[in-house]
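Asker: Model the structure of this input:
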Amino acid sequence: MVKRLAKEYPMSTSGRTMCHGMQVIKANRFQYYDFGRSKNSKLYGQPIPPLYDLSSISVPIALFHSTGDKLVTVKVKMR
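Answerer: Alright, predicted model coming up:
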């Protein structure tokens with residue numbers, strides 16, 4: 001998957017950003033960076049990363065994709 005991400009996104013980015021994206025996909029939840037149970041407990045006060053509070057977003061958000069995009073699905077839930 002990392003090779004596919006690198007192919008889809010050839011621009012510069014940090015390894016941690018790519019790793020975080022993979023964590024979010026694997027966990028199937030939009031969460032903070034997962035440092036592991038021990039460090040998560042120290043940083044977040046719990047063994048698993050907390051979810052991002054999306055209710056605090058107050059600006060419109062748009063998601064763009066193109067035909068053949070392997071990282072964005074066409075089916076998007078709208079509130």
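Asker: From here on, just use CA atoms for contacts and neighbour counts.
Answerer: Fine.
Asker: Just give me the residue right at the centre of this protein.
Answerer: Nearest to the mean C-alpha position of the chain, by C-alpha atoms, centre = their mean, lies Gly21 at 3.7 Å.
Asker: separation between that residue and Asn40?
Answerer: For Gly21, the distance to Asn40 (C-alpha to C-alpha, to the nearest Å) stands at 17 Å.
Asker: cool, and Gly68?
Answerer: Distance from Gly68 to Asn40, by C-alpha to C-alpha: 36 Å.
Asker: and what of Thr17?
Answerer: Distance, Thr17 to Asn40, using C-alpha to C-alpha: 17 Å.
Asker: tell me the secondary structure for Val59?
Answerer: Here Val59 takes the coil state, with states given by DSSP: H, G, I helix; E, B strand; the rest coil.
Asker: Next: the one 5 residues further on.
Answerer: Each residue gets one of three states, and Phe64 gets coil by three-state DSSP.
Asker: What separation do you get for it and Gly15?
Answerer: Using C-alpha to C-alpha, we find Phe64 at a distance of 23 Å from Gly15.
Asker: Which one of the two is surrounded by more residues?
Answerer: Gly15 (10 against 7; other C-alpha atoms under 10 Å).
Asker: Show me which helix runs longest in this protein.
Answerer: In the chain, with assignment by DSSP state H, the single longest helix is helix 15-27.
Asker: what's the spacing between whichever helix or strand comes after it and its chain's center?
Answerer: Next along the chain after helix 15-27, taking DSSP states H and E as the criterion, comes helix 37-44. Offset of helix 37-44 from its chain centre (C-alpha atoms, centre = their mean, to the nearest Å): 19 Å.
Asker: Residues in contact with stretch 21-33: which ones?
Answerer: Residues from elsewhere that reach stretch 21-33 (C-alpha atoms under 8 Å, 6 or more residues apart in numbering): 20, 34, 49-52.
Asker: Fine, thanks again, bye for now.
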